[in-house]
Each structure stands twice: as structure tokens, then as C-alpha cells.
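1. just a sequence and a predicted model for now, questions to come.
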Amino acid sequence: KKVRTHMARHKLTALTRPVASDLTPEQLTAASHTNGPMAILAQAGSGKTKTLIQLVSNLAQNTDPARILAVTFSKKAADEMQARGEKIGCKARFSTWHAFALSVIKEDNTEWASWNIDESDRAKYAVKDALGYRYLDWKQADISKVRSMIGHCKANGFLPKDAGCKLIADKAFPEKRSAGLALKAYDISQNIIENQGLLTFDDMLVFCLKWLETEENRARWAARYDWLFQDEAQDSNPVQTSIARLLTKETRNYVVVGDPAQSIYGFRGSSPEAVTMFNSHNPGCAMVYMNRNYRSAPEIVDVANKIIAPAKTRLPLDMIAERQTSGKVTVINAVDFDDEARCFVSEVLNHTNNGGNYRDTTCLFRTNAQSRALEEAMLKAKIPYIILGGTSFYERKEVKDLLGYLRTATGDKSENAIRCVNAPFRYLG
């Protein structure tokens, strides 16, 4: 009864203040939404963050900001959205799924409330232990593959005894014996983790879902919120999507923002279905397409459209470049990371030899492993560089430790010897 009364009170037909005047027609349509489910299908560079923050800000004028749950993929993204929201007077809070799950676990004083958060990934040692001589003694085990299978099980909300685990194990390990051992490794490692009172980030979500699947718990938490906004929905996993649906069962005020073409975490168990199947799970929902790119030059957008064209889950519309700058895209087929680095350095030197500055060039790379080749090539060419958003290859602890050993072995008696004494940790000092 309370829920029905609350829904009636917060069904809005008009905003108390106009939305931002600098929005495009598509952004304005999304930001003016006042009731029911909506999917904002926003392609790269289309201003989706600006639109989402404006929508949340508008709704917060007529709704207690504490009754708005806005979640995004990472803490960094949540902090950035929070800062941008505060600039336009938005009082709603932006969070991550893990932060929300932890609040449920803690506030309801669940059995996991007193567990220690596994911030240093100690759970991986539990998997190694399970595969080792103390338990399974699986000498041919691929530890990373077993951990990936466990991660997929948890992304789908499956604990070791759940039937769904077998399907995932069979897919990851076609050989029956290996699949069986992998399932046992999950069961054993999970027992080790729980006996140690470790709360992993995957388990936060799984335990939260299990808790909310009890109707009394679900109804209590659902009654807290009038709106749920899910950013980067293309990279959400089934557990996160299930939690969202449980919380919006009565209000149906559920908004997702995402682009299936930008889904990159399938290897962790994520799925773009939260976006692609949204209208199937939410009949009559609003659908807003944002395909105008305000970030990149037409040449780049054209190449991006051609690359993504074969994708089965892409949006039905190509991106349209709105930024009228000129340039060109060159594709270089490199043999390996080192060859790629040499090509990049050659481009930089060619640019500077023709009057350009080093600061004119930026190199974006996908994985930390690529930085080693790039740094070596630039050091050799005496090109100054700055690494943003990561750690220089030569500043990483394991690299410093190894260099320390090598220098000590060649007779260097500096502080490197001290580093070698206690690396790996030998309970000294």
C-alpha cells in the first residue's frame, strides 16, 4: 500500500524548471523524461554523460535526491559525474554497483557485514591453494582460465552449488574431467575465502542479489528509491541487471544509458543485453537514439563506422560527425609491440623534424604490457614523455626488484642490495 501511494505521489508530468538550453534535440528528449523506463542508446562522443547528469538533476527538483540511485561502472566515473553534477546544482549521489551492494550488506547487518573487503585480491591465492597439492593437486591446471570461469559464474550470480556453474564450466573446459576439477576448485576456493571472512568484489554483488531475492528485503530496499539510473549499461553483468530489475519492480522508473558497440568486458562476464534487450523486459519503454559524435573528426568517425559495421549488437544507426575538423587516419600493420613502438617513434621524430613539438603527440595504448616497448623505444630515441593514468614500466615494483637483483649481481652496492634482501618478502625489517 505504501509503495502504491508513493508511486502516485512521484509520477511527474512536468518539470519545475526547464532543462539546459544547450542540449541537442536528442539530448533534450532524454533529459526531459519524467516517468517510466527509458533506454538512452548513446554512441561514442554523443554527450551521454552530460545528458544523464542533466536528466538526474531535473528529476531531483521534484524528487528527494536520496530517492535517486544513479550507478556507473567505476569509482572514477562516479566521482567525475558527481563533480559535474554539483556544478549544475544536482544534489543526487552517483555511485558504483559495488558501493551500493556493500551498503545493502552493511546496513542490513547480513552475515557478510563483518567480513574484510578483499582489496588486495587475496582470493587468487585461495584458487591456487585449491588447485595445489593440499586439495586437487591439478598439475596441468591453467590458473587464469579457472579464475576466469569462476568470475563468469559469479557474474551470473551462480555460487558453487548452483546448476548454472556446470554449463559455464563445460563451455570453458570441453574436456569433462577438467570441467569437473574446475568446479571443485570453485567450491574449495569459495570455502577458503568464506572461512577467512574475505568479501571479494564479485561476492559483494552476488550476496547482495541473494539477499534481495528474499521478498521482504527486496520490498524494503525498492521502497527507498523512485528512480534508478544505470550508466555504461553495455558493460553490466547479469547480477547487476537483476538487482536493478528487483529494485524497480513497482516504480518501473529505470533508465539505462549505453552503447552495445562499446561493450568490452565480455571476458569478465558482462553482457550488452541490459541495453539490447531493454525494450523486451520493459514493454512500452522510451527509446532515445543519440548518434551525433561531437568529439572526433569526420575521418575518424567514418573509419569507426566501417570497423563496427559487422558487429551483431551495434545500434542500427551510423555515427554522424559534428566536429568539422580535418585530418587523416593511417593504418600501420606492425609485427609486434616492439615494431609498433618503432613505427610510433618514427612518426614522432618525423613530426618534430618538421617543426612540431613533442607535446603535439599522444599515444593511447590498450594494456599496460604495451608500455614497456613504447618506453624503451622513446628512451632509446631520447624522446621525453609523460605517462598519464598509469605507472611507468620502470617504476613498477616487480621491475625495480628485478633490476635491483641484476645490479647487485654485477657488484653494485647501493640501496639495491637492501631491496633484494626483502623482495620477495622474507619477514625482515
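-> That came in fine, so what should we check first?
2. where in this structure is pLDDT low?
-> Within the chain, the segments meeting pLDDT under 70 span 1-21, 413-419, 421-429.
3. all the helices of the stretch 151-300 of the chain, in order from the start?
-> Per DSSP state H, counting those that start in this stretch, the stretch 151-300 of the chain carries helices over the ranges 164-172, 176-195, 201-212, 215-222, 238-247, 273-276, 278-281, 298-308.
4. now the stretch 301-429 of the chain
-> Using DSSP H, counting those that start in this stretch, helices in the stretch 301-429 of the chain cover 337-353, 369-380, 397-409, 416-421.
5. ok, which of the ones you listed comes nearest N109?
-> When these are compared by CB to CB, helix 397-409 sits nearest N109, at 38.0 Å. Yep, even glycine has a C-beta here, placed from its N, CA and C like the rest.
6. pull the CA atoms of that closest one into PDB?
-> Extracted C-alpha coordinates of helix 397-409, given in PDB (Å, rounded to 0.1, in the frame of the first residue of the first chain):
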ATOM      1  CA  LYS A 397      57.700  -2.700  -8.100                       C
ATOM      2  CA  GLU A 398      58.500  -6.000  -9.700                       C
ATOM      3  CA  VAL A 399      60.600  -4.300 -12.400                       C
ATOM      4  CA  LYS A 400      62.500  -2.400  -9.700                       C
ATOM      5  CA  ASP A 401      63.000  -5.600  -7.700                       C
ATOM      6  CA  LEU A 402      64.400  -7.400 -10.700                       C
ATOM      7  CA  LEU A 403      66.700  -4.600 -11.700                       C
ATOM      8  CA  GLY A 404      67.900  -4.400  -8.100                       C
ATOM      9  CA  TYR A 405      68.900  -8.100  -8.300                       C
ATOM     10  CA  LEU A 406      70.700  -7.600 -11.600                       C
ATOM     11  CA  ARG A 407      72.600  -4.600 -10.300                       C
ATOM     12  CA  THR A 408      73.600  -6.300  -7.100                       C
ATOM     13  CA  ALA A 409      74.800  -9.300  -9.100                       C
END
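7. so which bits of that helix are buried?
-> 401, 404, 407-408 (16 or more other CB atoms under 10 Å).
8. how about stretch 312-322?
-> By 16+ other CB under 10 Å, the buried positions in stretch 312-322 come out as 314-315, 318-319, 321-322.
9. same check, this time on stretch 74-83
-> Those buried within stretch 74-83 under the rule 16+ other CB under 10 Å are 77-78, 81-82.
10. between those, which sits nearest A141?
-> Using CB to CB, these come closest to A141 at A77, 35.2 Å.
11. gap between the closest one and V257?
-> 12 Å (CB to CB, to the nearest Å).
12. overlap in contacts, the two.
-> With contacts taken as CB atoms under 8 Å, 6 or more residues apart in numbering, A77 and V257 have 231-232 as neighbours in common.
13. sort out for me which of the buried residues of stretch 312-322 are in strands.
-> When the buried residues of stretch 312-322 are checked against strands (DSSP state E), the matches are A321.
14. so which of the buried residues of stretch 312-322 is the closest to R67?
-> L315 (31.2 Å).
15. in this structure that closest one contacts S46, no?
-> No - L315 is beyond contact range of S46, at 10.5 Å (criterion: CB atoms under 8 Å).
16. common neighbours of those two, please.
-> Joint contacts of L315 and S46 (CB under 8 Å, 6+ apart) are N291.
17. I105 sits in which helix or strand?
-> helix 97-107 (DSSP states H and E).
18. and that helix with helix 238-247, angle?
-> Orientation check (axes from the mean of the first three to the mean of the last three CA atoms, to 10 degrees): helix 97-107 against helix 238-247 gives 60 degrees.
19. buried residues of helix 97-107, list them for me.
-> So, applying 16+ other CB under 10 Å, buried residues of helix 97-107: 97-98, 100-102, 104-105.
20. ditto for stretch 161-175
-> Residues of stretch 161-175 classed as buried by neighbour count (16+ other CB under 10 Å): 165, 168-170, 172-173.
21. can you name the two of those residues that sit furthest apart?
-> C165 and F173, at 11.8 Å, using CB to CB across these.
22. just give me the residue right at the centre of this structure.
-> With distances taken as CA atoms, centre = their mean, F73 lies nearest the centre of the chain, 4.3 Å away.
23. quick check, I243 in contact with K210.
-> No - using CB under 8 Å, I243 is not in contact with K210; the gap is 10.5 Å.
24. and these two? Which one has more around it.
-> More crowded of I243 and K210, by other CB atoms under 10 Å: I243, with 27 against 16.
25. ok, now how distant is that one from A185?
-> In terms of CB to CB, I243 sits 27 Å off from A185.
26. before we move on, what about I332?
-> For I332, the distance to A185 - CB to CB - is 42 Å.
27. again, but for T352
-> T352 is 53 Å from A185, by CB to CB.
28. compare these two (neighbour count), which wins?
-> Using other CB under 10 Å as the criterion, T352 and A185 rank with A185 on top: 27 against 14.
29. follow-up on the earlier one: save the buried residues of stretch 312-322 as CSV, and put in distance to H33 too.
-> Listed next are these as CSV, based on distance: CB to CB, whole Å:
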residue, distance to H33
R314, 24
L315, 19
D318, 25
M319, 23
A321, 27
E322, 23
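30. does I40 sit in a helix, a strand or a coil?
-> strand (DSSP: H, G, I helix; E, B strand; the rest coil).
31. W115 reaches G197, doesn't it?
-> Yes - using CB under 8 Å, W115 is in contact with G197, at 4.5 Å.
32. more neighbours: the two, which one.
-> W115 (19 against 11).
33. what's near enough to touch that one?
-> 197-199 are the contacts of W115 under CB under 8 Å, 6+ apart.
34. got phi/psi on it?
-> phi -70, psi 160 (degrees, to the nearest 10).
35. ok, it to E273 distance?
-> Distance from W115 to E273, by CB to CB: 30 Å.
36. repeat for C208
-> 20 Å.
37. re earlier: keep only those of the buried residues of stretch 74-83 that are in helices.
-> Secondary structure from DSSP state H places 77-78, 81-82 of the buried residues of stretch 74-83 in helices.
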